[in-house]
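Enquirer: What would the 3D arrangement of this be:
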Amino acid sequence: MNSMGKPTRALIAIGAALIVQLLVSALYHYAEADALQRIAILLGGNIAGGGYIQFLTFFAFFWGLIEVRHALFWADFERKYLSVELLPGEEHAVLGADEVNKIRIQVADYLRKKRQEDRQGAYYLLAIIKKACTRFRSNHSAESAFAIVQSQSRINREKAESVQSGIRYMLWAIPSIGFVGTILGISQSLSIAATAPIEEITAALGVAFDTTLLALVLSLILMYVFHALQEKTEVLHQDIEEFVVENLINKIDVT
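Expert: Okay, here's the model as predicted:
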C-alpha cells in the first residue's frame, strides 16, 4: 500500500493554496459589498497589497495538513497488524522455546514478504515480535525479551517523532510568515506616513494585522489536528507494546 511522496504532497499543497488565492482574488475584484471585500483582503485577495503573504501562509497550512493526513495514514496502516493472527490468542497458552522459535520464523517470513510488497511501511509490530523472539532464543530469558520490547518501542516512538518534524516546522513557519507580513505592513505604513493620506496608511496597517490574524487562526487549526495525530501515534505504540507483552512475553515458559 504505497503513499504519495513528499514532493507530490508539496505540489498538492501549492495547488490548494492557488485555488484559495484565485477564489479570494475573484471575491476581492468582483464583490460589491464592503464586508465581502474586507474578508477577501483579510484572506489575501489583494495580491499587490500584500496578499502574497497570505498565499504563503495557506501553502504552509495545507502542507502541514497533508503531512498530518500522511502520518495518520501510516498509523492506520501499522495498526491493522494488531488484528493479524501472529501470536497465540488463547488466554492460557504456554510457549516453550520451540514454540517461540517457530513464531520467530513465521513472523520473519511474513515480515520479509510484506517488505517486498511495500518498503515504506515500518511494520512496528512485526519487527518487535521478531526481535523479542530472537532475544529469547539467544539467552532463554523472558525478562531480556521484555527489555527488548520496551527498548524497541521507545525507538519506534522516536522514529515517529522524527517523521513528524516537518509538521512541527510548519507549525513554526505559519505564525512566522504572518509576523513577516506584519513587519512589512508596518514598515510600509511608516514609509508613507509623511506624505500619504490617512486612508493609505490605515490600509497598510490593516494588511499588517490581517496577516498575523490569519496565521494565528490557521496555526491553531493545524495545532489541533497535530495533537490528535500525536495522541493516535502514542496510543498505537502503547497498544503494540501491550499486545506483545500479553500475547508473547507473559506466555513464555522458561522451565
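
Enquirer: switch to C-alpha atoms for all contacts and neighbour counts from now on
Expert: Will do.

Enquirer: Let me see the contact set for residue 46.
Expert: Contacts for residue 46 (CA atoms under 8 Å, 6 or more residues apart in numbering) come out as 25, 28, 40.

Enquirer: Neighbour-wise, give me the winner out of the residues you listed.
Expert: Neighbour counts for those, by other CA atoms under 10 Å, peak at residue 28, which reaches 24 neighbours.

Enquirer: isn't that residue right next to residue 48, touching?
Expert: No. The criterion here is CA atoms under 8 Å, and residue 28 misses it with residue 48 at 11.8 Å.

Enquirer: longest single helix anywhere in the chain?
Expert: helix 198-247 (DSSP state H).

Enquirer: elements contacting that helix?
Expert: helix 34-42, helix 52-79, helix 124-139, helix 142-163, helix 165-191 (3 or more CA pairs under 8 Å, 6 or more residues apart in numbering; DSSP states H and E).

Enquirer: Go again with 6 Å.
Expert: helix 165-191 (3 or more CA pairs under 6 Å, 6 or more residues apart in numbering; DSSP states H and E).

Enquirer: The helix it packs on - contacts with which helices or strands?
Expert: Counting by 3+ CA pairs under 6 Å, 6+ apart, helix 165-191 packs on helix 52-79, helix 198-247.

Enquirer: need the helix or strand of the protein with the lowest average pLDDT.
Expert: Least confident helix or strand, the chain: helix 34-42 with a mean of 84, by mean pLDDT, DSSP states H and E.

Enquirer: Quick one: distance of that one to the chain centre.
Expert: Centroid displacement of helix 34-42 relative to its chain, using CA atoms, centre = their mean, to the nearest Å, is 32 Å.

Enquirer: where are the low-confidence patches of this protein?
Expert: Filtered on pLDDT under 70, the chain yields the residue ranges 1-3, 192-201, 203-204, 255.

Enquirer: Which residue lies nearest the spatial centre of it?
Expert: residue 68 (3.1 Å; CA atoms, centre = their mean).

Enquirer: how near is it to residue 92?
Expert: To residue 92, residue 68 is 40 Å away according to CA to CA, to the nearest Å.

Enquirer: any idea how far residue 133 is from residue 92?
Expert: Counting by CA to CA, the gap from residue 133 to residue 92 is 19 Å.

Enquirer: Now do residue 64: how many residues are near it, please.
Expert: With other CA under 10 Å as criterion, residue 64 counts 28.

Enquirer: Nearest spatial neighbour of it, chain-adjacent residues omitted?
Expert: In this structure, residue 64 finds its nearest non-sequential neighbour in residue 167, 5.3 Å apart by CA to CA, 6 or more residues apart in numbering.

Enquirer: coming back round to it: can you tell me which residues contact the residue nearest to the centre of the chain?
Expert: Shown in contact with residue 68 (CA atoms under 6 Å, 6 or more residues apart in numbering): no residues.

Enquirer: Am I right that residue 178 is in contact with residue 210?
Expert: No. Checked against CA atoms under 6 Å, the pair residue 178 and residue 210 is beyond contact range at 8.3 Å.

Enquirer: check contacts around residue 45.
Expert: 24-25, 28, 51.

Enquirer: 7 Å instead?
Expert: By CA atoms under 7 Å, 6 or more residues apart in numbering, the contact list for residue 45 reads 21, 24-25, 28, 51.

Enquirer: Going by distance to residue 111, which of the residues you listed wins?
Expert: residue 21 (45.7 Å; CA to CA).

Enquirer: Residue 55 is in contact with that closest one, correct?
Expert: Yes. The pair residue 21 / residue 55 is scored as a contact, 6.4 Å apart, by CA atoms under 7 Å.

Enquirer: Provide a list of residues in contact with residue 142.
Expert: 136, 249, 252.

Enquirer: ok, so of those, who is nearest residue 32?
Expert: Of the contacts of residue 142, the one sitting nearest to residue 32 (CA to CA) turns out to be residue 249, at 70.0 Å.
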